[in-house]
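*Asks:* the following block contains a protein sequence and its predicted model.
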Amino acid sequence: MKQLTIISGKGGTGKTSIAAAFASLAKNTVFADCDVDAADLHLILKPEIKKTMGFHGLKIASIDKYMCTKCKKCYDHCKFNAIDEDINLIRESCEGCGVCEYVCPVDAIAMVERDSGFAYISDTRFGPMAHAMLKTAEEASGKLVTVVRENAKDIAEDKKKNQIIIDGPPGIGCPVISSISGVDLVLIVTEPTLSAIHDLERILGVAHHFDIPAVVCVNKYDINRDNTEKIENYCKNHNIDVVGKLPYDAIVTESMIHEKSVIEFSDGELSNNIIRMWGKVKEVLSR
Ligand code: SF4
Ligand code: SF4
């Protein structure tokens, strides 16, 4: 089974539109939205949820007020200021380190599971989908990405699908690493801006570190052809294929408004470029 993750050095590069376009072209595939902090692939794929699972991220302290003797040891030792002077827990600040439980002389504190979000298994018009929702201000998104990927893999095995396409998170943090580890290929979507070039170099560094082959797509290449040339030269010098150069096209926004992928919505130049890019990605994946 082949796995492709679509990532970008930062948000807003058109990564999800490309993932949705690939969804309408790919056959026998499971889709995974691993951008759990800002999931939006569902806006286009319109999943019909078949199964919902609770997700527990970091643990959280729970203080038993009846047992508490107000000695304030937990207050003094909490480095995250998550316990106030009246020995109330400030939920959003608790990092689940467990120090308060350790120092409490009367065992009034226990570390308990924290409801951090939900993982879903769904059907879409293009095939099955694994996705998730992280509650506001919850962390552990790397752990939730792993849950989504495991769900996608289970579905692929169960339904005999031969491919998983993952819409990864932006940036280079823990959730990105969780979304690319062990995949066969990453497609990095970038734009021709100076900051995006810098982000591209960083994300390529991460892929290289984990020994994952990478190819690049320059989105909106025509908004700055000089920078596009710089990206192409950089990739050429580092032996990285630029598999697609997509023009700026307002049709991307229009298709999103209509809850369709670009491929479904239009058969213009942009769609043709994406179809060609998908062909190249498939070819690299099959090597
Ligand atoms: S678990 Fe750690 S962060 Fe949370 S209240 Fe206890 S000491 Fe503070
Ligand atoms: S350490 Fe235990 S007994 Fe002391 S204030 Fe905290 S909860 Fe209460």
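*Replies:* Yep, that arrived. Ligands and ions are numbered 1, 2, ... in the order given.
*Asks:* from here on, contacts and neighbour counts on C-alpha atoms
*Replies:* Fine.
*Asks:* which residues does the residue of the stretch 101-250 of the chain found nearest ligand 2 contact?
*Replies:* Proximity of the stretch 101-250 of the chain to ligand 2 (CA to the nearest ligand atom) peaks at C104, 3.6 Å away. Applying CA atoms under 8 Å, 6 or more residues apart in numbering to C104 gives the contacts K73, C74.
*Asks:* just E48 next, same as before
*Replies:* Applying CA under 8 Å, 6+ apart, we find E48 in contact with S122, D123, T124.
*Asks:* tell me the SS of the second one?
*Replies:* When you say that, I think you mean D123. strand (DSSP: H, G, I helix; E, B strand; the rest coil).
*Asks:* hang on, the earlier thing: out of the contacts of E48, who's nearest K70?
*Replies:* Nearest to K70, judged by CA to CA, of the contacts of E48 is S122 at 48.2 Å.
*Asks:* what's the burial count for the closest residue to T146 other than its chain neighbours?
*Replies:* Of all residues not flanking T146 in the chain, S178 sits nearest, at 6.1 Å (CA to CA, 6 or more residues apart in numbering). Per other CA atoms under 10 Å, the neighbour tally for S178 reads 20.
*Asks:* so S178 touches V145, yeah?
*Replies:* Yes: S178 lies in contact with V145 (CA atoms under 8 Å); the separation is 6.2 Å.
*Asks:* for the helix or strand containing the residue nearest to T146, packing partners?
*Replies:* Assigned by DSSP states H and E, S178 belongs to helix 174-180. Other elements packing on helix 174-180 under the criterion 3 or more CA pairs under 8 Å, 6 or more residues apart in numbering; DSSP states H and E are strand 2-8, helix 141-158, strand 163-170.
*Asks:* which element is encountered next along the chain beyond that helix?
*Replies:* Next in sequence after helix 174-180, counting helices and strands by DSSP H and E, comes strand 185-190.
*Asks:* what's next to that following strand, contact-wise?
*Replies:* 3-9, 13-15, 180, 196-197, 200, 203, 207, 212-219, 285.
*Asks:* quick one: the helices in the protein, in order.
*Replies:* Here the chain has its helices, by DSSP state H, at 15-25, 42-45, 73-77, 99-103, 141-158, 174-180, 194-209, 225-237, 251-257, 262-265, 269-285.
*Asks:* report the mean per-residue pLDDT for stretch 106-121.
*Replies:* Stretch 106-121 carries an average pLDDT of 93.
*Asks:* what's the neighbour count on N224?
*Replies:* So N224, with other CA under 10 Å, has 13 neighbours.
*Asks:* contacts only, for it.
*Replies:* By CA under 8 Å, 6+ apart, the neighbours of N224 are P192, T193.
*Asks:* and the contacts of E48 as CSV, adding distance to ligand 1 and neighbour count?
*Replies:* CSV is the format used below for those (distance: CA to the nearest ligand atom, whole Å; neighbours: other CA atoms under 10 Å):
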residue, distance to ligand 1, neighbour count
S122, 34, 20
D123, 38, 18
T124, 40, 17
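*Asks:* dump the residue contacts of R276.
*Replies:* Going by CA under 8 Å, 6+ apart, R276 touches G244.
*Asks:* again, but for M1
*Replies:* K161, N162, Q163, I164.
*Asks:* now it: how far from G168?
*Replies:* Applying CA to CA, to the nearest Å, the value for M1 to G168 is 18 Å.
*Asks:* any low-confidence regions in the stretch 1-150 of the chain?
*Replies:* Along the stretch 1-150 of the chain, segments meeting pLDDT under 70 span 137-140.
*Asks:* quick one: name the residues of it near ligand 2.
*Replies:* Residues of the stretch 1-150 of the chain that fall close to ligand 2, judged by CA under 6 Å from any ligand atom: 63, 68-74, 87, 104-106, 108-109.
*Asks:* isn't E232 up against V242?
*Replies:* Yes: using CA under 8 Å, E232 makes contact with V242 at a distance of 6.9 Å.
*Asks:* picking that back up, from the chain's centroid, how far away is the helix holding S178?
*Replies:* Centroid displacement of helix 174-180 relative to its chain, using CA atoms, centre = their mean, to the nearest Å, is 7 Å.
*Asks:* buried sites along that helix?
*Replies:* Of the residues in helix 174-180, P175, V176, I177, S178, S179, I180 count as buried by neighbour count, 16 or more other CA atoms under 10 Å.
*Asks:* can you check stretch 24-38 too?
*Replies:* Judged by neighbour count using 16+ other CA under 10 Å, the buried positions of stretch 24-38 are S24, L25, A26, T29, V30, F31, A32, D33, C34, D35, V36, D37.
*Asks:* save the helices of the chain as a markdown table, and put in distance to ligand 1 too.
*Replies:* Below are the helices of the chain laid out as a markdown table (distance: least, CA to the nearest ligand atom, whole Å):
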| stretch | distance to ligand 1 |
| --- | --- |
| helix 15-25 | 35 |
| helix 42-45 | 33 |
| helix 73-77 | 6 |
| helix 99-103 | 4 |
| helix 141-158 | 18 |
| helix 174-180 | 20 |
| helix 194-209 | 30 |
| helix 225-237 | 44 |
| helix 251-257 | 41 |
| helix 262-265 | 45 |
| helix 269-285 | 44 |
